[in-house]
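Visitor: Just a sequence and a predicted model for now, questions to come.
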There are 2 protein chains.
Amino acid sequence: MKLADIAERAGVSLTTVSRVVNGDRNVKSSTRARVQRTMDELNYYPNLHARSLAGGNSKTIGVLVSNLDNPFFLDIYRKIDNLAQRNGYDSVVSATHYDPDRLRAGIQSMIGRRVAGIAVVVSEMEPHIVEELSKVEIPVVFYDVGRGGKRVTNIRLDYTKGMRQLLEYLFALGHRRMAFISYPLPLQSTEERRTAFLEMMAAHAAPAHVISASSDEFASSREAARELLRAGFEPTAILCVNDLMAVGVLKELSEQGISVPRQISVTGYDNIPLSQVTIPALTTIHIPREEIAQLAFDVLVPGRTGSSKLGQEILVEPELIVRQSTGLAPVKS
Amino acid sequence: MKLADIAERAGVSLTTVSRVVNGDRNVKSSTRARVQRTMDELNYYPNLHARSLAGGNSKTIGVLVSNLDNPFFLDIYRKIDNLAQRNGYDSVVSATHYDPDRLRAGIQSMIGRRVAGIAVVVSEMEPHIVEELSKVEIPVVFYDVGRGGKRVTNIRLDYTKGMRQLLEYLFALGHRRMAFISYPLPLQSTEERRTAFLEMMAAHAAPAHVISASSDEFASSREAARELLRAGFEPTAILCVNDLMAVGVLKELSEQGISVPRQISVTGYDNIPLSQVTIPALTTIHIPREEIAQLAFDVLVPGRTGSSKLGQEILVEPELIVRQSTGLAPVKS
DNA sequence: TTGAAAGCGGTACCAG
DNA sequence: CTGGTACCGCTTTCAA
């Protein structure tokens, strides 16, 4: 079914049909009705490819995220999608699974679709890709990538600052021996947390221990916790690179009969919804996903908000959220 | 940048450029190299719209889910996406948020994109929509919708059976007074669980109580649990319509100092990954998402698997997973 | 109010 | 091995 078909059937020109499809006022209502009817009868669906090819514009924004399983990324995508829908746009996601090749493929696909804008919210990133992307005529917004480009905006969060808030709080509670469970992959965003941890610990001359989970799954963070306990380091607090990992750690400690936070305090990072209902609820660092999504969208879509922030660097603030998984350091027995 | 541009720049015909883009063997390697080079220089990205318009085929499969926040749906989408990628296809998702209008819009969009197939994995569904979809020439596979169509496959799970497994297990543990926390929306899949619960309880002349959460969020299931406890019904077991709700319930019970499963047993439904790390781990019903995704994909993509299951009805089996959130019914004090 | 025709960027078939 | 060209289905002037 195409415009021409229904045009013929309705006895009007293709142009007229196009008009009613697009809600053009200049069509006699009787004609409009007739066309509308035939469209229903032949159940016509406009070919979006033809549409955007002819129209040139796409009205869809592309979102690239590392991993939809992580509520952090999912949330940002969802919020961008909502904003898009609400503003007459469409959205397309693609998960890279931390694989630069898939990232590249995703970008190709987005550009090939001639999307109106691309939001790249991934943790993995090669300089080459950033560079390539900055040559494109499409507006691009990155989250978390070090460098900007001409028409490339970069939103970033000071992970170090978040880590500092967490540690200052823990030090205030009397903790000294602390461990950090880091991410399996060397992503900039997570490495920054690890480094910050190590540096601050060193600055306080506090005994630190870092261990890396072997994958993204709960089983791995549990395993990491188990290993940590076996290692004999005996931390009074375990800081996790993100909330999801902390959930696994909480589980492992529970299984081993270790009370949180009485014996060991645990913290997460991200403040995903789940962190409120873990037992105990997680002390964590809030990353303003809502704000990030909104900023990303505003940058990509012209919007009435006046001046475009294209090409700028936007900073976003982390915030310490104290819940029940942290408490005073246990007194040395 | 289009084919013509780079053709001109490279001093060859548009056709030749098209050939190298598509990896056609019949191009002198020197020519190929030259063209390739100019493509890089002008960083050319083929216009996918033009491509699928001209080619007619789309090589992308569309997935419609109710809610990506629910790991159940997310998981199915991810698996379908993986299968797609692995087989040279692309995929597009759209979340309906349980809204028939958004579902309709999503379908329009998929058809408009002329996708190769559509997987509709949503809980909300209007007869009208099913009907409309069955008129389309595109292969469609539903999960969980009562009725099939000509070229429409329907994959279904016997929720009642799962509920029965759960209840038989609980009865065996000595439970009688049990409550069910149901979904805020009257979705077929969730209603079926509720009804099954009620019927089985009636059959055993056991005291039953049903309460509905007011939303999808953790806060709501907690609220529902709180209300349930206040109501004075005093169940020895609380069955939740899905795992996510159970997480909230577990949290609320924990806050109130009620021990699970010693004082009250709790169950979920779906067997999402999270259910393994809740404290205590959830007894639940496994829904074979992997299998569902695989089936859906096989139906949509011709595949070498011989006979197409198009238009059939495929059944999938639930399975009881016993973990630590359930135990013997407490002895009446 | 309505219609005709020129693209949009590719694909694919037919010649050479 | 390379080039010419007729569409794909729709948007968008320009006329009528």
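Guide: Here it is on my side, so go on.
Visitor: SS state for the nearest residue to A:Ser215 once chain neighbours are set aside?
Guide: Distances taken as C-beta to C-beta, 6 or more residues apart in numbering or on different chains put A:Pro184 closest to A:Ser215, at 5.4 Å, once the chain neighbours are dropped. C-beta: built from backbone N, CA, C; applies to glycine. Here A:Pro184 takes the coil state, with states given by DSSP: H, G, I helix; E, B strand; the rest coil.
Visitor: Would you check how far apart A:Pro184 and chain B are?
Guide: 17 Å (C-beta to the nearest C-beta, to the nearest Å).
Visitor: Could you do A:His128 as well?
Guide: Counting by C-beta to the nearest C-beta - A:His128 and chain B are separated by 13 Å.
Visitor: ok, back up a step: what pLDDT is listed against the residue nearest to A:Ser215?
Guide: Per-residue pLDDT puts A:Pro184 at 88.
Visitor: Could you report the neighbour count for it?
Guide: The tally of other residues near A:Pro184 (other C-beta atoms under 10 Å in any protein chain shown) stands at 18.
Visitor: can you tell me which residues contact it?
Guide: A:212-216, A:220 (C-beta atoms under 8 Å, 6 or more residues apart in numbering or on different chains).
Visitor: and the gap between the spatially most central residue of chain A and chain B?
Guide: Centroid-nearest residue in chain A: A:Phe73, 2.8 Å away (criterion: C-alpha atoms, centre = their mean). Separation of A:Phe73 from chain B (C-beta to the nearest C-beta): 11 Å.
Visitor: and if you look at A:Asp270?
Guide: When distance is defined by C-beta to the nearest C-beta, A:Asp270 is 15 Å away from chain B.
Visitor: Can you list the buried residues in the helix or strand bottoming out on mean pLDDT in chain A?
Guide: Between all helices and strands in chain A, the lowest mean by mean pLDDT, DSSP states H and E belongs to helix A:127-135, at a mean of 84. Using 16 or more other C-beta atoms under 10 Å in any protein chain shown as the test for burial, helix A:127-135 gives A:129-130, A:132-134.
Visitor: just these now: which is nearest chain B?
Guide: Comparing the buried residues of helix A:127-135 against chain B with C-beta to the nearest C-beta places A:Glu132 closest, at 7.2 Å.
Visitor: Now do the contacts for that closest one.
Guide: Taking C-beta under 8 Å, 6+ apart, we find A:Glu132 in contact with A:107, B:43.
Visitor: Also the one 5 residues further on?
Guide: In this structure, A:Glu137 makes contact with A:Arg151, judged by C-beta under 8 Å, 6+ apart.
Visitor: so is A:Val120 in a helix, a strand, or just coil?
Guide: Under three-state DSSP, A:Val120 comes out as strand.
Visitor: So A:Val247 is in contact with A:Thr278, correct?
Guide: Yes - with contact defined as C-beta atoms under 8 Å, A:Val247 reaches A:Thr278; the gap is 5.7 Å.
Visitor: Common neighbours of the two, please.
Guide: Contacts common to A:Val247 and A:Thr278, judged by C-beta under 8 Å, 6+ apart, are absent.
Visitor: just to revisit the earlier point, let's see if you can find the most crowded of the contacts of A:Pro184.
Guide: Within the contacts of A:Pro184, neighbour counts (other C-beta under 10 Å) peak at A:Ala213, which reaches 27 neighbours.
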